[in-house]
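Engineer: Need the 3D shape of this:
(chains A and B)
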Amino acid sequence: MLNTKDILETITMIQEENLDIRTITMGISLLDCADSDIHASCRKIYEKITRCAKNLVSVGCEIEREYGIPIINKRISVTPISLLCGVSGGDPVEYAKVLDKASKAVGVNFIGGFSALVQKGFAAGDRELIESIPEALAVTDQVCSSVNIGSTKAGINMDAVAMMGRAVKKAAELTADRDCIGAAKLVVFCNAVEDNPFMAGAFHGVGEPDCVIHVGVSGPGVVRAALAKAGDIPLNEVADLIKRTAFKITRMGQLVGAEASRRLGVPFGIVDLSLAPTPAIGDSVAHILEEIGLEQCGAPGTTAALAMLNDAVKKGGVMASSTVGGLSGAFIPVTEDAGMIDAARAGTLSIEKLEAMTAVCSVGLDMIVIPGDTSAETIAAIIADEAAIGMVNQKTTAARLIPAIGKKLGEELSFGGLLGSGPVMKVGSMSPARMIGRGGHIPAPMHSLKN
Amino acid sequence: MRAIITVVGRDMVGILAKVAGECAKVNANVIEVNQSVLQDMFAMIMLIDISALSCKLGDFGETMDAVGSEMGLKIHVMHEDLFNSMHRV
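Structural biologist: Residues are numbered from 1 along each chain as shown, chains lettered A, B, ... in the order given. Now for the predicted structure:
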């Protein structure tokens, strides 16, 4: 029989330390739905999504009950819609509406893929899609949007960066009566990955199979609890302990993913080895950093602690899964992490410190509330800074900034649920307008030439 | 196929009988029981065979959860695979 200690450890992880499967995401290719008539295209999309994902939620709930492990979200990612726009023309908002309708019909809580990939330039459908994003996010509830504006191979498309600065601001303005939620569903990427199961940045890449199941695990609370029990051990032992914990968490993700794939008759894609926080107490990445020995997240030492955490999570997880992918690393979304919210409120955590942290962890400036009067050029420049970190370091970076329309420093936005709440953070006051106004392209760095 | 039942709570008369009775109702064979009482806290881990279970494992889990609430105990039923995958390489 299994060791009693091991059994109790698993139960404690799930019951008290918020261990869960964060998301089962079904990736669905919509390439075969493209039609020169937008209405025909939308009809095919609805039919395909409701057919492929018909049992996604019920199978998720079934596994949840049998294994006794909570699966928080069931979601769908689809082919970047700009590709379909390019074929059909017409108003891209029509696509957003049909995605929203299909996702509600199958019972998932988010659908990602209202996206465009423009790192090197705009193809047919790309500009139209980007310009329609604010309206699309305002008139739908569950649609998430992402745009890839740069990559290590292609450099940064600064025309797209300028457009995204305006899109982020307008998305917030159109949803100002709902705490600017539009901007919380919009991510701007550099080096976007094609198999990401996490929202709002999930889309189904063109290199992916027709239909596939990805899993995103979670468990910051488990890592923090393990460190708390270990006491004052040297950092190499801390790293080792995180590795061992990440291994267990990932094995669970692998099991659930393989089981979901078997029951749905859909190939298993990847496990995303991420530590994804929620606003719940005891489910915070910031608290892990504090457990490592920082008075508060954002203190000097934060970047080093996070670098070690991020690396150890990957090392532990990679052996536990047959296929690792997605974003894989520690997330630092400010409004979704109780410890980050506290640090931001206290002024310990600044956007500049967060920017440094994004150089060593998964993704980027995530869920950061900025003053409502921040100019579109300043937002674009923050996006460009973040993209430059990704481009040079050959990693994914992203910006999900939420201009709090009508609010100033010290005030707060509250989205509720997993998106959480957070204070308006200070943004530098000097203007980057002339640089952003130049447009053009930042060339790819020297080390992109690897062949 | 096997599952693990864990019971934690204040010790009282009839816990084992009640849990074993519920197992018998759904045709689950009890393979092994490991229990301890520390002061007045009761902790039991039971390994059951669910190959011939007469209902869905998820439904049995819900029944046991309700039984636990009635008796003021925490009862969890979980598929054995979860523990094997987490604790065995």
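Engineer: ranges for the helices of chain B?
Structural biologist: B:15-25, B:57-71, B:80-87 (DSSP state H).
Engineer: touching chain A at all, the last one?
Structural biologist: Yes - residues of helix B:80-87 are located near chain A by CB under 8 Å from any CB of the partner chain, namely B:Glu80, B:Asp81, B:Leu82, B:Phe83, B:Asn84, B:Ser85, B:Met86, B:His87. Placement of C-beta: from N, CA and C, glycine included.
Engineer: Now that helix: average pLDDT?
Structural biologist: Mean pLDDT, helix B:80-87: 89.
Engineer: ok, back up a step: which of the residues of helix B:80-87 next to chain A are buried, as a ChimeraX select command?
Structural biologist: This is how ChimeraX selects the buried members of those, with burial counted by 16 or more other CB atoms under 10 Å in any protein chain shown:
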select /B:80,81,82,83,85,86,87
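Engineer: Distance to A:Asn191 added to the residues of helix B:80-87 next to chain A, as CSV?
Structural biologist: Output for those, formatted as CSV (distance: CB to CB, whole Å):
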residue, distance to A:Asn191
B:Glu80, 40
B:Asp81, 36
B:Leu82, 34
B:Phe83, 37
B:Asn84, 37
B:Ser85, 31
B:Met86, 32
B:His87, 36
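Engineer: how many other residues sit next to the nearest residue to A:Gly326 once chain neighbours are set aside?
Structural biologist: Among residues not flanking A:Gly326 along the chain, A:Asp272 sits closest, at 3.1 Å (CB to CB, 6 or more residues apart in numbering or on different chains). Neighbourhood size, A:Asp272 [other CB atoms under 10 Å in any protein chain shown]: 32.
Engineer: I'd guessed A:Asp272 sits against A:His214; true?
Structural biologist: Yes - contact criterion CB atoms under 8 Å: A:Asp272 and A:His214 qualify, at 6.6 Å.
Engineer: Which neighbours do those two have in common?
Structural biologist: A:Asn196, A:Pro197, A:Gly325, A:Gly326 (CB atoms under 8 Å, 6 or more residues apart in numbering or on different chains).
Engineer: Out of these, which sit inside strands?
Structural biologist: Mapping these onto strands (DSSP state E) picks out A:Gly325.
Engineer: Out of the helices of chain B, indicate the one that is most buried.
Structural biologist: helix B:80-87 (a mean of 20; mean count of other CB atoms under 10 Å in any protein chain shown).
Engineer: helix or strand for the closest residue to chain B within the stretch 1-150 of chain A, which one?
Structural biologist: Residue nearest to chain B within the stretch 1-150 of chain A: A:Arg65 (3.0 Å; CB to the nearest CB). A:Arg65 belongs to helix A:56-67 when assigned by DSSP states H and E.
Engineer: can you check A:Glu237 too?
Structural biologist: For A:Glu237, the enclosing helix or strand under DSSP H and E is helix A:235-264.
Engineer: Next secondary structure element downstream of that helix?
Structural biologist: By DSSP H and E, the next helix or strand past helix A:235-264 is strand A:268-272.
Engineer: In that following strand, which residues are buried?
Structural biologist: For strand A:268-272, by 16+ other CB under 10 Å, it's A:Phe268, A:Gly269, A:Ile270, A:Val271, A:Asp272.
Engineer: Which of these sits closest to chain B?
Structural biologist: Checking the buried residues of strand A:268-272 one by one against chain B (CB to the nearest CB), the nearest turns out to be A:Val271, at 11.9 Å.
Engineer: Thought A:Lys314 was touching that closest one, still the case?
Structural biologist: No - A:Val271 is beyond contact range of A:Lys314, at 11.6 Å (criterion: CB under 8 Å).
Engineer: Overlap of the contact sets of these two?
Structural biologist: Joint contacts of A:Val271 and A:Lys314 (CB under 8 Å, 6+ apart) are A:Val324.
Engineer: Can you check the pLDDT for the closest residue to chain A within chain B?
Structural biologist: Using CB to the nearest CB, the single residue of chain B nearest to chain A is B:Gly58, 3.0 Å away. As predicted, B:Gly58 sits at a pLDDT of 90.
Engineer: Please give me every residue in contact with the nearest residue to B:Phe60 once chain neighbours are set aside.
Structural biologist: Of all residues not flanking B:Phe60 in the chain, B:Val26 sits nearest, at 5.4 Å (CB to CB, 6+ apart). Contacts for B:Val26 (CB under 8 Å, 6+ apart) come out as B:Leu53, B:Ser54, B:Cys55, B:Phe60, B:Thr63.
Engineer: quick one, strands of the stretch 301-450 of chain A?
Structural biologist: In the stretch 301-450 of chain A, the strands defined using DSSP state E, counting those that start in this stretch lie at A:324-325, A:365-371, A:397-404, A:412-414, A:421-423, A:441-442.
Engineer: so which of the ones you listed gets nearest chain B?
Structural biologist: For those, the distance to chain B is smallest for strand A:324-325, at 15.7 Å, taking CB to the nearest CB.
Engineer: Partner strands of the closest one, with direction?
Structural biologist: Looking at strand A:324-325 with DSSP bridges, its partner strands are strand A:268-272 (parallel).
Engineer: hmm, who's touching the helix or strand that the partner strand is followed by?
Structural biologist: Per DSSP H and E, the first helix or strand lying C-terminal to strand A:268-272 is helix A:285-292. Contacts to helix A:285-292, defined as CB under 8 Å, 6+ apart, come from residues A:220, A:223-224, A:227-228, A:235, A:238, A:275, A:277, A:296-297, A:302, A:305-306, A:308-309, A:330-332, A:337-340, A:342-343.
Engineer: Check which residues of helix A:285-292 are buried.
Structural biologist: Using 16+ other CB under 10 Å as the test for burial, helix A:285-292 gives A:Val285, A:Ala286, A:His287, A:Ile288, A:Leu289, A:Glu290, A:Glu291, A:Ile292.
Engineer: for the residues you listed, which one is nearest A:Thr245?
Structural biologist: A:Thr245 lies nearest to A:Ile288 out of the buried residues of helix A:285-292, by CB to CB, at 10.2 Å.
Engineer: Relative to A:Glu9, how far out is the closest one?
Structural biologist: Taking CB to CB, to the nearest Å as the measure, A:Ile288 falls 18 Å from A:Glu9.
Engineer: returning to what we had before: can you put the strands of the stretch 301-450 of chain A in a markdown table and add mean pLDDT?
Structural biologist: A markdown table is the format used below for these (pLDDT from 0 to 100):
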| stretch | mean pLDDT |
| --- | --- |
| strand A:324-325 | 89 |
| strand A:365-371 | 96 |
| strand A:397-404 | 96 |
| strand A:412-414 | 93 |
| strand A:421-423 | 94 |
| strand A:441-442 | 96 |
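Engineer: ok, residue 63 - contacts?
Structural biologist: Just going to use chain A. Neighbours of A:Ile63 in contact, by CB under 8 Å, 6+ apart: A:Ile69, A:Ile71, A:Val256, A:Glu259, A:Ala260, A:Arg263.
Engineer: other chain: chain B
Structural biologist: Neighbouring residues of B:Thr63 by CB under 8 Å, 6+ apart: B:Glu22, B:Val26.
Engineer: ok, then the element right after the helix or strand containing A:Val188?
Structural biologist: Using DSSP H and E, A:Val188 sits within strand A:186-190. Downstream of strand A:186-190, the next assigned helix or strand under DSSP H and E is strand A:211-217.
Engineer: Give the rounded mean pLDDT of that following strand.
Structural biologist: 94.
Engineer: Please see if that strand touches chain B.
Structural biologist: No - judged by CB under 8 Å from any CB, strand A:211-217 and chain B are separated, with a smallest distance of 11.6 Å.
Engineer: Pull out the CA atoms of that strand and give them to me as PDB.
Structural biologist: Extracted as PDB, the C-alpha positions of strand A:211-217 are listed here (Å, rounded to 0.1, in the frame of the first residue of the first chain):
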ATOM      1  CA  CYS A 211      -7.800  19.400 -32.000                       C
ATOM      2  CA  VAL A 212      -5.600  19.000 -28.900                       C
ATOM      3  CA  ILE A 213      -5.800  19.100 -25.100                       C
ATOM      4  CA  HIS A 214      -3.400  21.200 -23.100                       C
ATOM      5  CA  VAL A 215      -3.200  21.400 -19.300                       C
ATOM      6  CA  GLY A 216      -2.000  24.200 -17.000                       C
ATOM      7  CA  VAL A 217      -1.100  23.300 -13.500                       C
END
